[in-house]
Each structure stands twice: as C-alpha cells, then as structure tokens.
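Participant: Prediction below, plus the sequence it came from.
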There are 2 protein chains.
Amino acid sequence: MKKHQTTIFDIARELNISKSTVSRALTNHPNVNEHTKKLVLELAEKMDYQRNMLAISLITSKSNTIGIMVPEFRSSYFPKVVVAAQEEAALNGYHIIVSQSNESYETEVANTKVMLASQVDGLIVSITKETLNFDHLKVFQRKGIPIVFFNRVCEEMIVPKVIVNDYEGAFKAVEHLILTGKKRIAHLTGPSSLSISKKRLNGYLDALKKHDIPVDDELIISYDLSINKVNIYVKHLLSLKNPPDAIFAINDPTAIQAIQVIKQHQLKIPEDIAIIGFSDDYASALIEPSLSTMSQPIEEIGKSAIQMLVEQINRDVENWKATTKILETELIIRNSTVKNHIAKY
Amino acid sequence: MKKHQTTIFDIARELNISKSTVSRALTNHPNVNEHTKKLVLELAEKMDYQRNMLAISLITSKSNTIGIMVPEFRSSYFPKVVVAAQEEAALNGYHIIVSQSNESYETEVANTKVMLASQVDGLIVSITKETLNFDHLKVFQRKGIPIVFFNRVCEEMIVPKVIVNDYEGAFKAVEHLILTGKKRIAHLTGPSSLSISKKRLNGYLDALKKHDIPVDDELIISYDLSINKVNIYVKHLLSLKNPPDAIFAINDPTAIQAIQVIKQHQLKIPEDIAIIGFSDDYASALIEPSLSTMSQPIEEIGKSAIQMLVEQINRDVENWKATTKILETELIIRNSTVKNHIAKY
DNA sequence: CCAATAAATGGGAACGCTCCCATAAAATAA
DNA sequence: TTATTTTATGGGAGCGTTCCCATTTATTGG
C-alpha cells in the first residue's frame, strides 16, 4: 500500500502560503515572488515532491500517453517497431502503453477498452490476422482520438497509415530469384485477410507474369503464420513430383524455418533450392547460409507512425489528414540465393 | 484535440437519474434496481462510454501501472524480459510503462521522475552500466513504492531481486571449455561496476583454479559492452604471441561478434579457438557455427519480477520482503565448442 | 393500516491539480 | 498625499470518479 504522497497542499501548509502560490512556483508562472519560488522549489525537492500527472491529465484531458497495439511479439519485427516508437514518443513528450493481442481478435477488442480507459491521446495499431470487423477501432475516431495504422492496416478506415511497398518488394524478390535462373518458385504466404499477404502475392504473381513463367497454384501456400507449421508445408513442397527450385517466404522467420527443414533434407541452398525472405531480421545475416531478404526500414516505420500520430493529435478532428506513407524496401542479396555472395552488410 | 468524452454525468442527465446511481450501475453495486442498471448499461454502450481510469486512479491513488526501467534495447535480452513482464502484468491487472535509458545514468534519473509523476504502483529495474549512485531509486522506497531489481541489481538496496546464478553459470561454461581440452581461455567481460561482471569473472577464475590452470591477466578483457568494440579486443587477443584457444564471452552478442571476427581470420571454430556465450539469444542457434552458451530463463525472470513486485504492492511497507530469487542457468552445447555436436535444441 | 425495515436513489466531499477571479500589498504616477 | 498601476497572493470551481451519508420509495410485519 502506497504511502501518502507529498502534494502542493503539504508544501503550502509547511510554508504558510496558499496552494495557488505553490502551484505557480512549481510551474514557472511569472506572477510569483522570486524568493517565495525559491523556498517552494527547495522544500519540494526536500519533500521528494513530484507532480501528479494523473491529476493534471484529468484537468487537461490529455494523458500524454500513446497506445500501441500489436498482434504479436514473437518475431523481432514488432518489438523493434515498439522500441523505435517509444524513443520517438519520448522525444515528443509522450509515453507509451503497449498491448499485444497474441493474434487474437477478442484480445484486441479487450485491449482497445484498456486503451480507452487509460485515456490515450492516440493509438498506433497493427491488427491481428483474425481482425475483420473494425468497430472497436472506429470508436476512437468517433471520440476524436486519432489512430495511425502500420504494417497490417485496415483498408476500410480512412486514417493515416505507414506501410512499405509490399507489392514492389515482393516483385523485386521474385524477380531476383528469376534472374538467378530459378523457374519453379514457390510462395509461402499469410492469410488472405491481411493486406500484406495480398500485396506480396500480387507482386509474386506479376513478377512471374513479366517473365512468362506459368503460375502453379500447387506452389502457392497460404498459412496462418504459426511458425511451427512451416515444417509441414516445406516438406510438402519438397515432396511434390515437380518440386520448386526456389521459395519466396512472406517473412524472415518463415524463411529461416524453411532453411532448417531444407538442410535436414540434405538439399543444397541455393543450388537445389534458393530462399528469399522479407524484413531482414537480426538473425538473417547470421544464419548459415545467410538469408537473402527484402529489408524494411523498421525504425523508420515506428518513428513515422508516431510522428504522424502526434500531428493528428495536435490537429482538430475536422482537419485530420489521412495520408499513407509508403516506405521502400531494399533487396539484400546473401547466400541463400547467390552462392558465396559478398554481402554489403 | 480530443472531443468531450462521455461521462457518467452525461448518462445520468439522459436518464434523468443521479450520477451516483449511474456509478453504482456501472460498478455492479448491489444497491441498484435491476431495471435501472439495465438502462444505464445499454445507454453506456450506445454512447461509447468508457470509465476514466485517470479519475479512478486519482481517487484510489492506485494507477494500476507498473514501471519497467531497462538500460538498453539493442540486445534481445531486455525486449524479451519486457514482453514477458508485460504479459504477467496484464494477468495481474496492471499495464506497464517502459523506459529505456540507453545506458546513461542521467537518462535513468530523468526517467525515474517520469515514473514518479505517472504514479506507478511499483517498479522493476535493471540499472545502467554507469549507475553508481542510487538516490533516485531510494526515493521510491521512501514513498512506499516497491522496487524489484532484475539482472543488473543494486547491491546496497535491500529489496527483492531476480537474478540468475551468474557465478555458477560462468563456472560451468569455463569448466566445459576446459573439459573439451582448452587450456588458454580468454574472458571478455563487462565493466566491473556491474555485479554480473564481477560474478561471472569470479566463476571464470574459480573454474580455472579448480583445474589448476594459471590465470593470465592478458586474457581477461573488461570492456564497456558497446558491441562494435569487440572487434578490436578479439583481434588483439588473436595477435598475442601466445593467443587463447577459447573465449568465454559475457553475453551472446559479444560471442557472436567474436565469431565473425575469428571467421575473418580464417581460424577454425572450435578446433583453433572455441567460443561460449551467455544467455542463449535467438540468433545463437542459427549462427554458423552455432554458439554454445549458458541459457537463462528470460521469460521466467520477467514473470518472477512482476510477481514479486505485485506481492510487494499488496503488502504494507512494514511487511516488505527482500527475497532474492536466483534462477539457474543451463549449459547449451553447440558447435562453437564441440564439433558436430547434435544439439538438444 | 401504520410503524419498522429494506431497497433504491440523490447530493456532497474528496482525490491533486490548474485556471480564473478577487483581493492585498507594493510600486509608480499625478 | 492620493489615485493608479503593477506584482503577489488567496480562494473557489472544476476535471470524472467513488464513497459516505441522508433521503425517498417500496416492502414487510404486527
């Protein structure tokens, strides 16, 4: 049980002045006697006084808190975004409260209530793979609390978004595989409810089309992103009568898992089968063989999302903007697609 | 600018009843007419009502917020702890606010003020490598706000702590190197201000002593944990007239970096030089050669810290306990110390 | 049918602070 | 010296709740 915390009233009593004067001294208000101010400041220090942001937030109806909602923390992607967002938020005088929904729609909805109750001034969110209904997020718009989406965005809501050019990233990844001579390229993708799945799939399809490679539905596997299932699907691909000579995985964890399976099958990477991922996770450069991938500017994503959110927070609801910031991806060639490639990084 | 948020007063006005009745309906108080309650609940739902935790926290002087202070987010260790802590906190009805001090004492002190102003109910903290004075943390004790340390603890403060058995972990790691036949074992350690550095160093020394291996100060390098400096020190070690045949690194990022350098020097791992780390980072199993390491129960650490903190929060200050929970490490043998070892994991 | 008890409701204070308005004290102008 | 401005201070309301006490309304017993 917390003790009584020193309040401006305690200081006022001690100094025999009014709480108003103490408040002024503490907030650097011009109308205070320098001497009084000094006394107050010294006593405040001595009494371990710390202003109660709860009370201030209540008055100003501004909590200086930004909520961050992410679907999971298993891959390194979301933790990295959160870290970058936290830093940028701090620079802007906000602190963050983070909720993670474990890819569950129900949890996401529940977390939404917590955010509301905590009086967040704004929200940056990446939805779960299950989220199809967005009423729980639209509440925020109605209440005049801005939202910025990143990575996994809601297409039907007209709000700011920060994404990477998934289509083009996928296109470049697949084209890279083609240019290294691969002809039967499989694609391990996520659920079609996520726009990133759709966009990356389209990039994949269009790259094949451009190079006149026929699309084989057998080689396109859409799964729920639970990493332990990758084994099954990769084994399945390898067991086809006409197996793929390359795999484009929707993200690096998937690709890394695929590499493990392929190594167990004694196949040579990239000669027998090449692999490319998406996101450039920390481990991708370290794994053997090192993983070619499309890098995303993850820190930039977290930072931009916060910046766009802070702008919205400071705007009246009528002046809300709904710009979508599209960041570019970059092809990182490593040994999983090109033997003995000397990596830039 | 946020709009006016629905309050119990708005609901009361609409229904022509008093705010007290609305409050009772909303909090499941026994003394409300079932019918009134139903009306209130329905209208609350319709008006997107959400209780204002700020106001409630102000009254109850309980914010249901736990502060987490960590020194950095570059290694995967602290993010993992934070994620685990967040989950456990949520289970206990708390949300967390995280601050990261970037290994700066000044920032740590500043963050401390934010925590206080945010009225956290408790704090779990791992100090920076620079922190030698603990006044900023002792304030919390005086105010009756409990602290639990983890990983990098403050020895002079008598509060609960969650650590791993660093001494024994180091001892086992070094003994493992000795048992694989290594005789000149270097140690890359952190600054001596951190108790983990001291304890791991002692484990290292005692393991050598037990096996009658002379200590060579030339082989013990203490550095500030900025990962880019590892290159310099490892190169230095390799250039010695009598270079080491093994390295025990204080943590996995250091070990991984060391592996990169050693590979550049065309030395064979583990034949020419073996490496062992500490913590079992995600990348350690994936790197080539895979890294032997002492695994720590990271999730367990975050979870325990929160549990111990919550217990303290619910106790009166006079009954505060100061138990130290020591978790065990486990030797994970991989290819950086034993050629072609079939890993358990 | 009226007193006594139970159930339901209303109103005020309080949490710690800021902000506005009123007042008091000091400094300047007439 | 008195009026006027400036500077410094005090007091009250309000932010959105909960909690306590008082009051009203409904229910039960004699």
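Facilitator: Done, it's in. Numbering: from 1, shown residues only, chains lettered A, B, ... in the order given.
Participant: how about the helices in chain A?
Facilitator: A:8-15, A:19-26, A:34-46, A:53-60, A:77-91, A:105-117, A:135-142, A:166-179, A:195-210, A:230-238, A:252-264, A:298-313 (DSSP state H).
Participant: Just send those back as JSON lines, with mean pLDDT too.
Facilitator: Output for these, formatted as JSON lines (pLDDT from 0 to 100):
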{"stretch": "helix A:8-15", "mean pLDDT": "93"}
{"stretch": "helix A:19-26", "mean pLDDT": "94"}
{"stretch": "helix A:34-46", "mean pLDDT": "93"}
{"stretch": "helix A:53-60", "mean pLDDT": "94"}
{"stretch": "helix A:77-91", "mean pLDDT": "92"}
{"stretch": "helix A:105-117", "mean pLDDT": "95"}
{"stretch": "helix A:135-142", "mean pLDDT": "95"}
{"stretch": "helix A:166-179", "mean pLDDT": "97"}
{"stretch": "helix A:195-210", "mean pLDDT": "96"}
{"stretch": "helix A:230-238", "mean pLDDT": "96"}
{"stretch": "helix A:252-264", "mean pLDDT": "94"}
{"stretch": "helix A:298-313", "mean pLDDT": "96"}
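Participant: Make a markdown table out of these and add mean neighbour count and distance to DNA strand D.
Facilitator: Every residue, glycine included, has its C-beta placed from N, CA and C. Listed next are the helices of chain A as a markdown table, based on neighbours: other C-beta atoms under 10 Å in any protein chain shown; distance: least, C-beta to the nearest atom of the strand, whole Å:
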| stretch | mean neighbour count | distance to DNA strand D |
| --- | --- | --- |
| helix A:8-15 | 17 | 7 |
| helix A:19-26 | 19 | 3 |
| helix A:34-46 | 14 | 4 |
| helix A:53-60 | 16 | 4 |
| helix A:77-91 | 22 | 24 |
| helix A:105-117 | 19 | 9 |
| helix A:135-142 | 16 | 14 |
| helix A:166-179 | 22 | 40 |
| helix A:195-210 | 19 | 35 |
| helix A:230-238 | 18 | 46 |
| helix A:252-264 | 21 | 42 |
| helix A:298-313 | 22 | 17 |
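Participant: Output the set of residues of the stretch 1-150 of chain A in proximity to DNA strand C.
Facilitator: Contact residues (C-beta under 7 Å from any atom of the strand) of the stretch 1-150 of chain A with DNA strand C: A:4-5, A:7-9, A:19-20, A:23, A:26-27, A:49, A:51-52, A:55-56, A:58-60.
Participant: quick one on the thing from earlier: would you format the helices of chain A as a markdown table with distance to chain B included?
Facilitator: Below are the helices of chain A laid out as a markdown table (distance: least, C-beta to the nearest C-beta, whole Å):
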| stretch | distance to chain B |
| --- | --- |
| helix A:8-15 | 13 |
| helix A:19-26 | 12 |
| helix A:34-46 | 11 |
| helix A:53-60 | 4 |
| helix A:77-91 | 4 |
| helix A:105-117 | 4 |
| helix A:135-142 | 5 |
| helix A:166-179 | 21 |
| helix A:195-210 | 22 |
| helix A:230-238 | 14 |
| helix A:252-264 | 7 |
| helix A:298-313 | 8 |
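Participant: Would you mind putting those helices into TSV with distance to residue B:304 alongside?
Facilitator: Putting those into TSV (distance: least, C-beta to C-beta, whole Å) gives the following:
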stretch	distance to residue B:304
helix A:8-15	36
helix A:19-26	38
helix A:34-46	35
helix A:53-60	28
helix A:77-91	21
helix A:105-117	23
helix A:135-142	33
helix A:166-179	40
helix A:195-210	36
helix A:230-238	32
helix A:252-264	27
helix A:298-313	29
